[in-house]
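K.L.:
Structure, please.
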Amino acid sequence: MMNKLQILVPVFLLCQTLHAQIIENPVWENLTASQYVNDVVIQNDSVWSGTNGGLVFYDKVKGTIKHYNKANSDLPCNIVKALHLDNKKQLWVGTVRGGISSFDGKKWTAYPQAEIFNISSISSDSKNNIYVGSQFQKGLRKFDGSSWTSFQSEIDDFVTSINVDNDDNVYVQTFSNGIFILENNSITNLTPDFSKYINTYLTKESTGRVWASSSSDITYFGGNDIFYDFKQLYQNIIPFQETNKYDRLLAIKDSGYFIAKRENISFVKAPYQYKYVSSDYSARDSSLAIGTETHLILHQNNNWKKISLASNKLPSHYIISSCIDKNNTKWFGTNMGVAGLSDTGWTTVPDSMFGTYSNRIECAVTDKTGNPWFFTKQIVVTRKNNKWVTLIDPVYNFPENYSTPILKAAFDSKNNLYVAGSGGVIMYDGNTWTTLEGYLDKLPPQNRFEFSSIAINQQDTVFLGASNGVVKYFEGKWFSMPRYNFTLMTSMFVDKQNHLWMADLLEGLYKVTPDSVYKYSDSYFDAGFNSFNIKSMTQDLEGNIWMANAGRGLIVFNEDKYQNFTSENSDLADDYTLTLMTDKQGKIWAGGEAGISILTSSGTILSVSENNHVSDSRIYPNPTEKGSLLYFNGAKTSVKVYDLAGNLIKETMISNSEPTNNNLMPGLYILKYNHGNEQQTEKLFVR
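P.N.:
Numbers count the residues shown, from 1 in each chain. The predicted model follows:
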């Protein structure tokens with residue numbers, strides 16, 4: 001008989017028996033919020049917009065809109081930060097986590113060899129060399145059509161803007177070191193006194209002059225024409241561009257734009273206010289496109305037009321929390337409000353329900369009657385008698401004590417609400433808010449304290465994960481949980497079998513049953529996981545546990561089987577997933593920094609396991625480095641390499657005397673090879 005709360009630690013070494021769950025041909029959908037326009041490019045009678053919800057094409061003549069995201073195209077990431085149209089009319093697309101790609105209107109081409117992310121600016125010269133800069137990776141990248149060159153040592157700073165003059169000189173604006181010029185393969189800092197050129201922007205005229213604008217002044221490089229000094233007149237000049245005559249400049253503001261011709265400066269007022277983000281001007285038809293935080297704005301022939309690029313009512317691309325109500329409406333809490341999707345369409349919670357408080361939804365749950373509840377750090381909004389209700393109480397107050405405040409909530413079977421966070425834990429019985437105390441002596445002492453997760457089982461035991469351990473609350477009393485080196489529980493979940501699942505940031509995954517505590521370390525799931533930062537869990541109709549591993553995608557797990565979905569091996573919108581739920585039809589809904597991913601079909605599930613009959617035959621070294629040689633300890637063998645989505649990546653012959661070159665990108669792979677009449681499947685980790 002097993003002792004109560006005995007801890008069991010399954011050990012699964014990299015080259016021992018492996019059980020992996022491979023899902024063939026999963027069907028994904030993306031729901032994104034594309035109203036925030038990071039960059040715009042005018043191409044003839046159309047406008048391309050790079051948004052936080054993908055790439056958007058707008059036909060100015062027909063008034064039609066087409067959306068491109070990870071699920072319906074080969075766009076590598078839904079957050080598009082930079083666009084550029086080269087001399088061959090090919091669109092270059094820079095994303096946050098998907099690197100850089102090009103698109104000719106039909107075919108996408110990815111450039112992973114550029115090894116650049118968080119792209120801030122793209123430009124090209126007359127020879128169609130492409131120049132790329134990043135907000136979070138130092139240096140400039142150059143692509144000559146066949147290979148990439150990095151200028152990181154010469155420009156040891158983050159890049160905010162790039163432009164090229166008519167002599168193919170490349171001007172690079174950096175975050176804190178001023179403006180550099182790449183001229184005849186030599187790089188010079190044009191602004192050694194760079195203090196006033198922090199966060200400036202560059203724009204090129206048809207004459208080849210490159211202008212730099214900041215909040216203090218405007219100057220130019222190249223040419224000997226007039227110097228426009230806006231310093232005394234206008235302090236908030238944002239990137240500007242010329243009109244159809246070389247001596248006319250545009251300076252975009254949040255209510256219109258300045259236009260300058262020689263010494264004369266005039267202001268063209270827009271019929272509405274907007275939050276400026278980006279712009280592009282076309283001399284072909286004197287049209288101006290302005291990207292804002294909420295719309296695409298066009299100005300042409302003295303006419304203004306405001307266009308919504310949104311394909312749904314999501315208020316933001318940043319999905320923090322979610323829940324499903326009694327009507328099967330899926331609710332999504334964002335950093336800018338709440339929206340719900342039902343069978344009949346979208347609806348939103350009115351911003352008026354939040355009053356003067358923030359509408360950032362830290363948590364969303366459904367009570368036992370099926371009504372949705374949305375939690376900010378100051379107030380609660382819920383649905384009662386088909387009306388929205390705001391709950392405000394002095395007891396309910398979770399101040400931002402820490403840089404990343406946490407707020408979690410759950411209901412027991414009696415519909416009592418428990419809310420936990422940085423400020424402790426409180427309970428609401430439908431009438432009164434009560435602060436619960438007495439838990440500190442059940443936890444190890446620690447200077448910084450916060451509750452990070454909560455779950456309630458079928459017996460109404462409340463489990464609370466803290467920054468220094470786990471406690472439980474039952475019938476008005478606090479109890480300690482056995483201290484199995486718990487560190488920080490980032491998520492808790494009670495499954496249909498009444499098992500408690502706990503994700504520990506450093507230790508891995510725990511399953512608590514009435515008799516035992518089972519531990520699955522993070523090394524079991526993937527040698528590439530340095531931490532187990534699970535933010536949310538759900539259970540699908542087949543009983544599998546799904547986990548949102550922030551920064552590393554999704555994990556689906558069922559005891560000895562697991563599968564990892566990332567934005568690289570699937571159409572998952574983004575690896576930084578924060579919330580998960582399963583609807584009545586069995587669809588998995590995952591929300592994160594780049595919108596919502598929906599797994600609408602699980603496809604065909606195959607079990608891949610290692611065959612012990614050929615345990616004397618192995619691939620080595622394993623783990624291995626990209627670019628190194630791989631050997632097989634045995635006779636010449638055919639090897640097939642699959643990614644974790646079941647896609648065949650490579651097929652080759654390998655032996656101890658005839659190694660193969662490992663050109664695989666870093667990640668985890670499944671190797672399947674024949675050895676005589678036997679088969680073997682093995683896991684290969686490329687660093």
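
K.L.:
CA atoms for contacts and neighbours, from now on please.
P.N.:
OK.

K.L.:
all helices of the protein, in order?
P.N.:
522-525 (DSSP state H).

K.L.:
Outline the domain layout of it.
P.N.:
As assigned by automatic domain parsing, the chain contains the domains 1-22+484-583, 125-199, 610-686.

K.L.:
mean pLDDT for those: which is lowest?
P.N.:
Here these differ in mean pLDDT, and the lowest is domain 610-686 at a mean of 64.

K.L.:
Go ahead and confirm Ile566 touches Arg552.
P.N.:
Quick fix: residue 566 is Thr, not Ile. Yes. With contact defined as CA atoms under 8 Å, Thr566 and Arg552 form a contacting pair (6.5 Å).

K.L.:
Pull up the overlap in contacts between these two.
P.N.:
Asp575 (CA atoms under 8 Å, 6 or more residues apart in numbering).

K.L.:
what bridges to Val80?
P.N.:
As for beta bridges, Val80 partners with Thr95 under DSSP bridges.

K.L.:
separation between it and Val40?
P.N.:
10 Å (CA to CA, to the nearest Å).

K.L.:
More neighbours: those two, which one.
P.N.:
Val80 (32 against 28; other CA atoms under 10 Å).

K.L.:
What pLDDT does the model give the more buried one?
P.N.:
96.

K.L.:
That one: what's it in contact with?
P.N.:
Applying CA under 8 Å, 6+ apart, one finds that Val80 lies in contact with 38-39, 50-55, 93-96.

K.L.:
Tell me how far it lies from Asn118.
P.N.:
From Val80 to Asn118 the distance is 9 Å (CA to CA).

K.L.:
Equivalent analysis for Lys326, please.
P.N.:
40 Å.

K.L.:
If you count surrounding residues, which of the two has more?
P.N.:
Each of Lys326 and Asn118 has its neighbours counted (other CA under 10 Å); Asn118 has more, 21 against 13.

K.L.:
my guess is that one meets Gln135, correct?
P.N.:
Yes. Using CA under 8 Å, Asn118 is in contact with Gln135, at 5.7 Å.

K.L.:
show me what contacts the closest residue to Asp460 other than its chain neighbours?
P.N.:
Leaving aside its sequence neighbours, Asp460 sits nearest to Asp412 (CA to CA, 6 or more residues apart in numbering; 5.5 Å). By CA under 8 Å, 6+ apart, the contact set of Asp412 is 368, 456-457, 460.

K.L.:
Distance-wise, check Phe493 relative to Leu500.
P.N.:
The spacing between Phe493 and Leu500, counted by CA to CA, is 6 Å.

K.L.:
Mind listing the shared neighbours of these two?
P.N.:
Contact with both Phe493 and Leu500 is made by residues Ala455, according to CA under 8 Å, 6+ apart.

K.L.:
and those two? which has more neighbours close in?
P.N.:
Phe493 (24 against 20).

K.L.:
Can you name the residues bridging to that one?
P.N.:
Trp501.

K.L.:
and it, what is it in contact with?
P.N.:
Contacts of Phe493 (CA under 8 Å, 6+ apart): 454-455, 500-502, 536-538.

K.L.:
again, 10 Å this time
P.N.:
By CA atoms under 10 Å, 6 or more residues apart in numbering, the contact set of Phe493 is 453-457, 463, 499-503, 511, 536-539, 545, 547.

K.L.:
Pull out the buried members of the contacts of Val80.
P.N.:
Listed as buried from these are 38-39, 50-55, 93-96; burial here means 16 or more other CA atoms under 10 Å.
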